[in-house]
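Undergrad: This is a predicted model, with the sequence first.
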Amino acid sequence: MTMFQNLHRSLDQGQTLKIQCEACDHLATLTAADAKARCGADATPMDIRRRARCRGCGAEGRVRVWI
C-alpha cells in the first residue's frame with residue numbers, strides 16, 4: 001500500500017508550512033494548525049499547489065510549497 005505525504009503525516013506541531021508565489025515572490029507562512037484548517041489535513045503538496053492563489057498578485061497554481 002502506498003502512503004502519500006499529506007499535511008497530517010508531514011507537518012508536526014511547531015513546524016510551519018511555507019508557500020511562495022513563483023510570479024511575484026510573495027511568501028506566506030502558516031502554522032501547522034492553520035495550514036491543516038485552511039488546506040485540510042489530507043491535502044498533499046500537489047493539492048496545495050493546484051489550489052493556492054497568491055494574495056499579492058492573484059496568480060493561481062504558481063507556488064512552491066515546503067516545510
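TA: Structure's in. What do you need?

Undergrad: Surely M46 forms part of a helix?
TA: Yes - membership of M46 in a helix is supported by DSSP: H, G, I helix; E, B strand; the rest coil.

Undergrad: quick one: it from N6, how far?
TA: 10 Å (CB to CB, to the nearest Å). Heads up, the C-betas are built off the backbone N, CA and C, glycines and all.

Undergrad: Who has more neighbours out of the two?
TA: Taking other CB atoms under 10 Å, M46 and N6 do not tie; N6 has more neighbours (18 against 11).

Undergrad: need the contact list for that one.
TA: 41-44 (CB atoms under 8 Å, 6 or more residues apart in numbering).

Undergrad: Distance of it relative to R49?
TA: 13 Å.

Undergrad: what's the burial count for the closest residue in space to A23 that isn't next to it in sequence?
TA: Residue nearest to A23 in three dimensions, not counting chain neighbours: A59, with 4.1 Å by CB to CB, 6 or more residues apart in numbering. Number of residues near A59 (other CB under 10 Å) recorded here: 15.
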